[in-house]
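Chemist: Got a predicted structure plus its sequence, pasted below:
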Amino acid sequence: MSTVVDERQPAPSEYKTDEHPIWCPGCGDFGVLASLYNVLSALRVQSKDLVVVSGIGCSGRTSGFIKSYGFHSVHGRVLPVALGVKLANPSLQVIGVGGDGDGFAIGGGHIPHAARRNPDFAYLIMDNATYGLTKGQYSPTSQVGFQAGSTPYGNIEQPLNPLAMLIAYGATFVGQGYSGKPRELTELIKRAIEHKGFAFVNIISPCITFYNTYKVIPPRLAEVPTDHDVTSQAKAFELALQTDRIALGVFYQVSRPTFEDGVAEVIKKAQAAGPPRLDEIFAEFS
Ligand SMILES: Cc1ncc(C[n+]2csc(CCOP(=O)(O)OP(=O)(O)O)c2C)c(N)n1
Ligand code: SF4
Ligand SMILES: [Mg+2]
């Protein structure tokens, strides 16, 4: 987190915009948005310092519901846009928000590079394991057997494991939350935003209309064990790869220099070296 925090604490409701969410009643995304309002208030983030970058999808509409600067970007391009904003003005509080389709399908190629670069912003995936906005096609996190318009005989593809993927790619903060547990989710998002570096949070956020998992998810939920060592990549993998339970909480958290800090160092060195000598460059090719 890098924002200069003002003294005044806005109430969670002050982050609401005049746009009313048009999500279906019961959509998990309401819970994520409510948690976000609470976190912004708890951290005293001022709207003028905040940029919410979202993808395309039901989840992508989130940037329109938070009083801040916002960028409802192109499908799958949350991460490069957020990285550009953060690089242009590192003092801004940047939050990336998108869906499982946006982040892991069309946008999947950006994830490893954001994770290894370690820019200082949080990326929240609202994972409903379907393409909600386009009427419930299967997504990279749909379970085998998921039946929908595009998979009338059931999904035959193995779902990917977002947590294991992000741990492998070198994200410095990896956690998982559930939209139906708002208190825990608020605490998790708060920790992600406070983390200095790239913080990834997979939020299970059911799509009540096209993939209603409200009955099957809760019995499988478990907290990350209190004695879990968040600095151990091996332990984080173990937790991410378990198949019987869905763990909620922080899986992995380590510290590494951020991309912005690295870029600032490079700029300093380049400025000290001065502009390149054109005559020397020409001499090389003459
Ligand atoms: C380049 C491009 N391809 C396809 C689409 C159509 N499209 C819009 S949203 C979406 C998928 C959204 O799924 P997800 O990211 O999981 O968001 P959700 O609606 O589930 O929150 C697709 C394929 C698009 N808008 N742009
Ligand atoms: S279609 Fe699904 S994801 Fe979209 S608003 Fe409705 S419940 Fe939510
Ligand atoms: Mg989705």
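Modeler: Structure received. Ligands and ions are numbered 1, 2, ... in the order given.

Chemist: Show me what from this structure comes close to ligand 2.
Modeler: Counting by CB under 6 Å from any ligand atom, the chain comes close to ligand 2 at 23-24, 27, 29, 58, 128, 132-133, 207-210. C-betas here are computed from N, CA, C, even on glycine.

Chemist: switch the cut-off to 5 Å
Modeler: 23-24, 27, 58, 132, 207-209 (CB under 5 Å from any ligand atom).

Chemist: tell me which element residue 252 falls in.
Modeler: For residue 252, the host element (DSSP states H and E) is strand 246-253.

Chemist: Parallel or antiparallel, which strands does that strand pair with?
Modeler: Strand 246-253 pairs in its sheet with strand 173-178 (antiparallel), strand 221-223 (parallel), by DSSP bridges.

Chemist: what's the next helix-or-strand element following the last one in contact with?
Modeler: Put plainly, it is strand 221-223. Using DSSP H and E, the helix or strand that follows strand 221-223 in sequence is helix 233-241. With contacts defined as CB atoms under 8 Å, 6 or more residues apart in numbering, helix 233-241 is touched by 161, 163-164, 167-168, 174, 224, 228-230, 247, 251-252.

Chemist: on that earlier part again, who wins for most neighbours among the residues of the chain next to ligand 2?
Modeler: residue 132 (30 neighbours; other CB atoms under 10 Å).

Chemist: my read: it touches residue 102, true?
Modeler: No: contact criterion CB atoms under 8 Å: residue 132 and residue 102 do not qualify, at 10.6 Å.

Chemist: overlap in contacts of these two?
Modeler: Common neighbours of residue 132 and residue 102 (CB under 8 Å, 6+ apart) are 57, 59.

Chemist: Tell me the buried residues in the following helix or strand past the strand holding residue 252?
Modeler: For strand 246-253, the succeeding helix or strand toward the C-terminus, using DSSP H and E, is helix 259-273. Going by neighbour count (16 or more other CB atoms under 10 Å), the buried part of helix 259-273 is 259-260.

Chemist: Show me how far the helix or strand that helix 259-273 is followed by is from its chain's centre.
Modeler: Along the chain past helix 259-273, the next helix or strand (assigned with DSSP H and E) turns out to be helix 278-285. Chain-centre distance of helix 278-285: 46 Å, with CA atoms, centre = their mean, to the nearest Å.

Chemist: Sweet, I'm off.
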